[in-house]
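Engineer: Next come a sequence and a model predicted from it.
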Amino acid sequence: RDTSVSLSPPPAIRVRPLTSTETRRGDRRVVHSLGDGTVHVSAARHDATFGFSAVFDAGASQEAVFEGSGMRQLVELALDGFSCTVFAFGQTGSGKTYTLMGPLAQSETPPAAPGLLGLMQRSFACLLEQSRSRGSDLALSASYLEIYNEQVRDLLSPGPPCTLPLRWSKTRGFYVENQLSVDFESLEAIADLLLQALDLPPAGSQRRRTSAHALNRHSSRSHALLTIHVRSRASITLPTRVPQPSACPSKQGTLCFVDLAGSERVKETGSSGELSVEANNINRSLLALGHCISLLAKPRGKRTHIPYRDSKLTRLLARSLGGSGITLMVACISPSSHCLSETLSTLHYASRARRVTTRP
Ligand code: ADP
Ligand code: MG
């Protein structure tokens, strides 16, 4: 009997609206969703329909994505001590960062309207609500890493980014040595932590004009992993006649948000020199991730060795992908005719990911 449980919600698809640039250029909309969980891609030589259980079209609000994707359940599972991961993937400009963080770097006058906040901030709010109702029984801390050019860097360390070693041990699996972890107790604290890590001025201060640029350039060139550690004491109530244990067993869950760099076609973007090294590293790790996912999607009996060691990204995601984790994937796509082939490849990727099961 296959004991794998599918606690992981199925992949969600998010189609962003056409951007003003795309509209001005006269791009056609080639992606349609009928509200029945299907995504239709129709263009001159392509006509394909994909079925998913959660599809969010251009009109869907950030709140609808949070509530309808299974994100809220993921937060609750992290509180119960599970390792949970949400990752956004799709080509550059498809809406990954928007889905996770909202228009963080776009609004000239921070903070962004509450309705536009992304999955991250909504999850933080959920966690902090729980933390308030449970009092000192719940402690939250954050670590924030990026993988840039196959190097793991700590985004929370002050000063220039420092590279950290990625190690493996029998008990811990793959882990990053010496990564910083910062406690937080309020929404403001974690929001400021993010802004500082991304080199954006803290909320309330004058926004630099370059920040939108900086964030975009930065975030599409590296994979960013924010991990929230949730430590809680199990709230078991024993009958009063039974001797109470001096220390309650504790639960330790994690909630990890992964903003993957977009796949780039080097030829098309005209990247050269340093940029093409970056693009090749991004493509290599996305390819490794795709490879692991298609192997994991095979029935357990037929699985071969999963090559997590092929990239830093797959090493760091090993537990969430195939092991004891619970994972939500959000595939982001653009509706534009210009993005057709990337959109099809993202949808195929998400279809494969649907068959992956883990043993949380
Ligand atoms: P990525 O992180 O995948 O490279 P972004 O999240 O930066 O893409 O999105 C690209 C552009 O599209 C941004 O200007 C963003 O504000 C806009 N955008 C993305 N998704 C949406 C959405 N659902 N609604 C409105 N604008 C969006
Ligand atoms: Mg981005």
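Structural biologist: Looks like it arrived, so ask away. Residues are numbered from 1 along each chain as shown. Ligands and ions are numbered 1, 2, ... in the order given.

Engineer: buried ones in the one helix or strand T49 maps to?
Structural biologist: Assigned by DSSP states H and E, T49 belongs to strand 46-51. Judged by neighbour count (16 or more other Cβ atoms under 10 Å), strand 46-51 contains these buried residues: F50. Backbone N, C-alpha and C define where each C-beta goes, glycine included.

Engineer: any residues touching that strand, and which ones?
Structural biologist: Taking Cβ atoms under 8 Å, 6 or more residues apart in numbering as the criterion, the residues outside strand 46-51 that touch it are 13, 30, 37-42, 340, 344, 347, 350-351.

Engineer: For the stretch 51-200 of the chain, which segments count as helices?
Structural biologist: Under the criterion DSSP state H, counting those that start in this stretch, helices of the stretch 51-200 of the chain are mapped to 62-68, 71-79, 96-101, 119-134, 187-197.

Engineer: Out of these, which one sits most buried?
Structural biologist: When you average the neighbours per residue for each of these (mean count of other Cβ atoms under 10 Å), helix 96-101 leads with a mean of 25.

Engineer: So which elements touch that one?
Structural biologist: Packing contacts for helix 96-101, counted by 3 or more Cβ pairs under 8 Å, 6 or more residues apart in numbering; DSSP states H and E, involve strand 83-89, helix 119-134, helix 211-221, strand 250-259, strand 326-333.

Engineer: quick one: contacts for R25?
Structural biologist: With contacts defined as Cβ under 8 Å, 6+ apart, the neighbours of R25 are H338.

Engineer: quick one: it from ligand 1, how far?
Structural biologist: With the distance defined as Cβ to the nearest ligand atom, to the nearest Å, R25 ends up 14 Å from ligand 1.

Engineer: Mind checking the pLDDT average for the helix or strand hosting R319?
Structural biologist: Taking DSSP H and E as the definition, one finds R319 inside helix 312-322. Here helix 312-322 scores 85 as its mean pLDDT.

Engineer: hmm, which helix or strand of this protein has the shakiest average pLDDT?
Structural biologist: helix 266-269 (a mean of 48; mean pLDDT, DSSP states H and E).

Engineer: Under the pLDDT cut-off, which ranges of the stretch 1-150 of the chain? List them.
Structural biologist: Judged by pLDDT under 70, the stretch 1-150 of the chain has its weakly predicted residues at 1-7, 105-112, 136.

Engineer: what does it have sitting close to ligand 1?
Structural biologist: 16-17, 19, 90, 92-98, 103, 106 (Cβ under 6 Å from any ligand atom).

Engineer: who touches A331 in this structure?
Structural biologist: Residues touching A331, when contacts are defined by Cβ under 8 Å, 6+ apart, comprise P11, A12, I13, R14, F89, G90, T346, L347, Y349, A350.
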